[in-house]
Structures are given as C-alpha cells and as structure tokens.
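1. task: produce atomic coordinates for the following.
(2 chains)
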Amino acid sequence: MSDTLFHKVWDMHRVRQLPSGQTQLFIGLHLVHEVTTPQAFDMLRQHGWRVAFPERTFATMDHIVPTKTQQRPFLDVMAEEMASSLERNCRDAAIPLWAPDSELQGIVHVIGPELGLTQPGMTIACGDSHTSTHGALGAIALGIGTSQVRDVLASQCLALDPLKVRRIDVNGRLRPGVYAKDVILTIIRRLGVQGGVGFAYEYGGSTIDAMTIDERMTISNMSIEGGARVGYVNPDETTFAYIKGRRFAPQGDAFDRAVAWWKRIASDRDAYYDDRVTFDAAAIEPTVTWGINPGQSVGVGERIAGDPRDEAFAFMGFQPGARVTGTKIDVAFIGSCTNGRLSDLEEAARIVRGHHVARHVKALVVPGSQSVRRAAEARGLHDVFIDAGFEWRGAGCSMCLGMNPDRLEGRQICASSSNRNFKGRQGSPTGRTLLMSPAMVAAAAIAGEVVDVRDVLEHVPA
Amino acid sequence: MSDQPSPITHVSARGLPLRGNDIDTDRIMPARFLRAVSFEGLERHVFEDDRAADPRHPFDDGRYAGSGILVVNANFGCGSSREHAPQGLARFGLRAVIGESFSEIFQGNAAMIGMPCFVAAHADVDRLQSLVERAPDTIIEADVQSGTIEAGPVRFTATLSPALRDGFVSGQWNPTAMLLEHFDEVRAVAARLPYLRGFE
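-> Okay, the predicted model is just below:
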C-alpha cells in the first residue's frame, strides 16, 4: 500500500493505543542536553524509575557552554551547576555524554547527524524545538518538553496524537546568492508562523533533491518556526552517501541492508497528502526578517509592508514602506543549529576573504560543533575570519539564545544566521535580530549594514 | 502539578486577559531564567521583560491579582519547547488557558502539568477578554468535558483535543505510568525495528 514516510515510520513505532486515544510511540533515539533535562531526571528519581534504554540515549552540552574558553568550572555558577548535574545524571544512568572536554561535543542537532546517530526511519526526540533538524535525513524527529523527556527516559515512549502531512515542493534552480535559509524563510512567510500546526512538513521537489544534507538540515530545522513540529526530507542517494562511514552508521554489509530498508520507507510516489504547496525556486530572493517572528520577512530588495500598529514596527524601529538594506548593524553572528555547519562557514569565508569587518561591528563565528571547528581550521577558514576581524569561538548555541555570556546589549541590531527573531531572544530584552543566510551575515559584517549579497558575490571568485 | 494526577473536570476562576498574537515562549519565560536545575521560583519571572517594558502589563495589573484563567489570542506559546513557560504560568497561579490557538508543543507541555488549553473562536475570545477587562471580578466557569465557557453574559463552546480532554476528565493526563504499563510491548516493538537489530 502506498503511504508517506511519516505514516510508515509512525506505524512501525506504534506500541499501542492508549486509553486516551493517543498513540504510544516508541522513540528510537533520545538526545539529551543540559537545559531541559535536570528536572526530568529528578522526577525519575522521585518515582524510583530507571532510564529504560540508556543505549538509545546520548547527551551533549550546548546551550550554556561559554565559547571564549570552555575551561571548567564555568565562571557562571548556574551554568556550572547545570553542567555538573548533567554529568552526574548521565554517569548514574550510563548515558554517553559529550561535554566540552570531548572532541565530539557540539550543538545537539549538529552532532546527531555528524556522528551518524541520526538515520532515516528513526523516531527521534529531544527536549528542544529544533529537533525537526534531524528530519533532513528522513527521520521523524520531535521537539518535546521536560515532562515528555521524563516519559522518554522512563519508557522510551511518548503519548502523541498523529499529525497530518503537508507536502511542500520547491522546484527549479536557486539563483546565485540564494540559499536554503532563504527558501525556508520564504516558506514560513507564505504559510505563516502558525500554518504548520497539526502538520508534519515533507519537503521535496527538484530544488530540495539537489540540496546537500547540510542545506536540507537548514530547511528542516526551521519547520517549527512555521508551526510544524516535524519536518523531513525523504532519504535518497545524497542521504546514504552522507551517512556512510560515520561513527554510528551501520558498517559493511549492514550498511547495504540499511540502504535497502531506507529506500523502502521513503514516501511512495502516489502517497496521499493532506495538503500540497508548491514554490518556484527561481522566484526566491535573499530574504531578511524585519520583525519579531520568523514569518515577518522581506526579499532584500523589497519594501516592508504591514499594519503600522503591529508592535513589530515600534520594537524594531522600522516604518512600513522602508527597506531592510542599509540598516546599520552592531553585531554579526554566524552559527547555530540552523547555520553553524562547515558548508555555512565555507560560504561565509568566501565572502569575507580579503575584507575586514566594519569598524563599528562586533562579529563572531561560533562553529556548531568541535568537529566543525576542527574541519574549518584544517581548511584555514579560522585564519580568514580572524584576519577579517571576526572572533573565532568554541562550539555551542551561543548568541542564538544568549544563555551563555554571548548576548546582545541594549537595543543592538544583530545580523544573525540563527532561527528566531523573537523579542529578547539574543539575550537583551530590547535587542533586535535580523535573520538571514550566513552569506548575508558575512556581507553585512563587512559593509556594516544590511546589503544584497548578490552585489558582493559579483566580485567574489567562485 | 501533582505527580499523582486527579481528574480535572472544571476550572472556575477569575480571568487574566492578555492580548496579542504569536506570543512566544521566549517572552513568557526569557532564556536566562532557564539557567537552573529546577522549576522552582519561575513564577517570579513570567513575562519579565514584557512587564519591565510595559508598566501597564496585565500580569502586574492589581485588578487581575489572584486570577486563575489566562485568556489569550492566536498561536500562543509558539517557539521554543521549554516547559519552563507553562511551569511559570502554573506557578504564577494560572490553572487553565483559553485562547484562539496554541502551538502544539506548548499545549502538550501544559497538558502534562494539568493545565488545559481551551481553543475558541476569535470573536468569543475577544468578547471574553473585553468582559474581563470591564469586570475583572467576573468568574469564568470552564467545563472540560463539554468545553462550555460561561462568564456573566458571555457563553460559548471551546474545544480541547479529545485525547487531552479525556485525559483530564479521567485523571490520566500524566501518561508516564500508562506508558510503563505494557512494557513487554515496548520491548517487542524495539526488537522488531531494523535499526536496533543490525538491519538483519
């Protein structure tokens, strides 16, 4: 029978129907970090429950980790308490933990795929809304709250209602200077920040098919900003090639058998979708948010439209009819689970090379993982960034949400490759975020203001 | 917030109207207050930055002191999955939320701690907010089974997902014990999954 990947994976992981009518769903991989889990481990202890599947649970530290020096103890006593709490909990439950002293540490959504833990056909849960990232490899990955983390620790299961599936096709070739980030911002702008509630988003079409896994992760990552808790791309040869040889990937003959299974769980050609939407890649422009939610964006050449009474205008200091180009920035941030991977850093470095950050701009590059950092250094990218006046930092979530010392101050404006432009998101209650691709952030850092990266790319060697 | 759930069939309390769409969990509970290993004390930081910026914020308005039902507009609780947001609201004294729509993760997190999120039409929510703004002492009666919301002259029907509704009414809104009940079946599913058996 023909079906979507979502339904095939759901059915395969269904344990039973609960008296409430919800499905008890088995979770194949549980990823854990320091912010949303200490209370869950406490609840387990209170009930005398044990971690049911420690061998399917993996932990890292990312949100609170300082990026200037990762020496322990952390200077922030609360951060240190959270770190040691996670260490204690993981030790007691025999859960592998990659702390900053491990060369495998990084943002949970960067290291899962990087280590080959994330695989097609899995159900994945993590106490973080950007867990949808892992869907780029054909997994069904759900962001959950702390009480649900407790449930997964105790039972390796969640109680869930099924989702509908919306197929989102993006077809055609992206123009130069237009990236995966622009595609997902455009999708969210059209479908709305609430448009995906109740849906899993399945991304496909020739544009997505042609994308690397890094690019697909940028797209899946921001599904939640469109209201969709789950986003995924069907596994294909690009996926298989990405996984092959990674630390936790199936090896030898098992890999070939895995590929055969991964092919079978992809959505069938004639699968039924609850909704379908199509986008034309050639019509997508470099996109920048101007407001206080990720749906409030414009093409870089476009004028901002909207109701002047919308609080976003007063907060951000824009007027209806204005353009984002020419907006002076104070901070440039390249990093996060959305755009903190090697390919993001490579593209940004291509633009930065031979230039210098504008005098008034504080610019930082925060690799998504220690592996990304090492790979970038092996290519000399750190020298390109440092020579240009960027700070080259250690791996973590950093200024995406300002839980570590990397924060905006006052009303600073930040050109950011991260995922949320909510009020106060980057650590200052009045700080302002302009979301854009890493290439656009790089261009803005050099110019000191928002510019169209296509104008810059004209002068950059391929 | 008890770990031994009891049925939640009815919430009766004064209202706290909070207008605006797309109020995200970073606003409800700014990230710096997540730097802790427990949820204790979060009630002190609910909407902290919004309240600092707006001296007339409803959460600081004495007329609504002691209210138990939050009344909001569309897409409330979008963004981060942090349970700290509903935990803060619950610890602030709120026992239910009535709104036009909610983010899925927020609604689920709220349910897990026994806080029903009722979904109602824009016009109904707007009438209720206006009523509470005019007459803050009005008691709102929210019935979980039927979804009936009554407050003075305002009466309408709201919805909860059938599963969440039945969970509240039966006292099974905290599912861990249920998930552990048939653990042999959990093991059986795990044993069948190709990726847990070396793809044999």
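2. name the nearest residue to residue 200, ignoring sequence neighbours.
-> This is for chain A. A:Val230 (3.9 Å; C-beta to C-beta, 6 or more residues apart in numbering or on different chains). From N, CA and C alone the C-beta is placed, and that goes for glycine too.
3. my bad, chain B
-> A:Arg257 (7.3 Å).
4. and the nearest residue to A:Val450 once chain neighbours are set aside, its phi and psi?
-> Counting by C-beta to C-beta, 6+ apart, A:Thr327 is the residue found nearest to A:Val450 once chain neighbours are left out, at 4.6 Å. The phi/psi pair for A:Thr327 (degrees, to the nearest 10) reads phi -70, psi 120.
5. and the contacts of the strand ranked longest in chain B?
-> Across chain B, the longest stretch assigned as strand under DSSP state E is strand B:10-17. With contacts defined as C-beta atoms under 8 Å, 6 or more residues apart in numbering or on different chains, strand B:10-17 is touched by B:58-59, B:64, B:66-71, B:94-96, B:98, B:116, B:128-129, B:132-133, B:136-144, B:151.
6. grab the nearest non-local neighbour of the spatially most central residue of chain B.
-> With distances taken as C-alpha atoms, centre = their mean, B:Ala110 lies nearest the centre of chain B, 3.9 Å away. When the adjacent residues along the chain are set aside, B:Ala110 lies closest to B:Pro86, with 4.2 Å between them (C-beta to C-beta, 6+ apart).
7. burial count for the one you found?
-> B:Pro86 has 31 neighbouring residues, counting by other C-beta atoms under 10 Å in any protein chain shown.
8. ok, back up a step: dump the C-alpha coordinates for the longest strand of chain B into PDB.
-> C-alpha atoms of strand B:10-17 as PDB (Å, rounded to 0.1, in the frame of the first residue of the first chain):
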ATOM      1  CA  HIS B  10     -13.900  22.100  35.700                       C
ATOM      2  CA  VAL B  11     -11.900  25.200  36.200                       C
ATOM      3  CA  SER B  12     -13.600  28.100  37.900                       C
ATOM      4  CA  ALA B  13     -11.600  31.300  38.400                       C
ATOM      5  CA  ARG B  14     -11.300  35.000  37.600                       C
ATOM      6  CA  GLY B  15      -9.700  35.800  34.200                       C
ATOM      7  CA  LEU B  16      -6.400  37.400  33.100                       C
ATOM      8  CA  PRO B  17      -6.700  38.900  29.600                       C
END
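9. what's the spacing between the helix or strand just after that strand and its chain's center?
-> Next in sequence after strand B:10-17, counting helices and strands by DSSP states H and E, comes helix B:25-28. Counting by C-alpha atoms, centre = their mean, to the nearest Å, helix B:25-28 is centred 13 Å from the centre of its parent chain.
10. buried residues in the longest strand that chain A contains?
-> Of all the elements of type strand in chain A, the one with the most residues (DSSP E) is strand A:164-171. Buried residues in strand A:164-171, defined by neighbour count with 16 or more other C-beta atoms under 10 Å in any protein chain shown: A:165-170.
11. beyond it, next helix or strand please.
-> Next element after strand A:164-171 (DSSP H and E): helix A:180-191.
12. and that next one with strand A:164-171, angle?
-> Helix A:180-191 runs at 120 degrees relative to strand A:164-171, counting by axes from the mean of the first three to the mean of the last three C-alpha atoms, to 10 degrees.
13. so is helix A:180-191 next to chain B?
-> No: Helix A:180-191 stays clear of chain B (C-beta under 8 Å from any C-beta of the partner chain), getting no nearer than 11.5 Å.
14. and that helix, what's buried?
-> Under the neighbour-count criterion of 16+ other C-beta under 10 Å, helix A:180-191 has A:180-189, A:191 buried.
15. out of the contacts of strand B:10-17, list just those in strands.
-> Per DSSP E, the subset of the contacts of strand B:10-17 in strands is B:69-71, B:96, B:98, B:139-143, B:151.
16. relative to A:Leu142, how far out is the residue nearest to A:Ala200?
-> Using C-beta to C-beta, to the nearest Å, A:Val230 is found at 6 Å from A:Leu142.
17. count the residues that sit near B:Arg44.
-> Counted with other C-beta under 10 Å, B:Arg44 comes out at 11.
18. quick one: it is in a helix?
-> Yes: B:Arg44 sits within a helix when classified using DSSP: H, G, I helix; E, B strand; the rest coil.
19. joint contacts of A:Val230 and A:Leu142?
-> In terms of C-beta under 8 Å, 6+ apart, A:Val230 and A:Leu142 are both contacted by the residues A:Ser132.
20. returning to that earlier point: following whatever helix or strand the residue nearest to the centre of chain B lives in, which helix or strand shows up next?
-> Assessed by DSSP H and E, B:Ala110 sits inside helix B:104-112. Downstream of helix B:104-112, the first helix or strand assigned by DSSP H and E is strand B:117-119.
21. identify the residues contacting that following strand?
-> B:76, B:96-102, B:106-107, B:110-111, B:142, B:147, B:149, B:158-160.
22. can you tell me if the longest helix anywhere in chain A touches chain B.
-> Identified as the longest helix of chain A according to DSSP state H is helix A:77-93. Yes: taking C-beta under 8 Å from any C-beta as the criterion, helix A:77-93 and chain B are in contact, through A:78-79, A:81-82, A:85.
23. just the buried positions in that helix, please.
-> So, applying 16+ other C-beta under 10 Å, buried residues of helix A:77-93: A:78-79, A:81-87, A:89-90, A:93.
24. show me how far it is from its chain's centre.
-> Using C-alpha atoms, centre = their mean, the offset of helix A:77-93 from its chain centre is 24 Å.
25. now stretch A:181-192
-> So, by C-alpha atoms, centre = their mean, the centroid of stretch A:181-192 is 15 Å from its chain's centroid.
26. keeping just the C-alphas, turn it into PDB.
-> Extracted in PDB, the C-alpha atoms of stretch A:181-192 (Å, rounded to 0.1, in the frame of the first residue of the first chain):
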ATOM      1  CA  LYS A 181      17.900  29.700   4.600                       C
ATOM      2  CA  ASP A 182      16.100  32.000   2.100                       C
ATOM      3  CA  VAL A 183      14.000  29.000   1.000                       C
ATOM      4  CA  ILE A 184      12.700  28.200   4.400                       C
ATOM      5  CA  LEU A 185      12.200  31.900   5.300                       C
ATOM      6  CA  THR A 186      10.100  32.200   2.200                       C
ATOM      7  CA  ILE A 187       8.100  29.100   3.000                       C
ATOM      8  CA  ILE A 188       7.400  30.400   6.500                       C
ATOM      9  CA  ARG A 189       6.500  33.800   5.200                       C
ATOM     10  CA  ARG A 190       3.900  32.400   2.800                       C
ATOM     11  CA  LEU A 191       2.400  29.600   5.000                       C
ATOM     12  CA  GLY A 192       2.600  31.600   8.200                       C
END
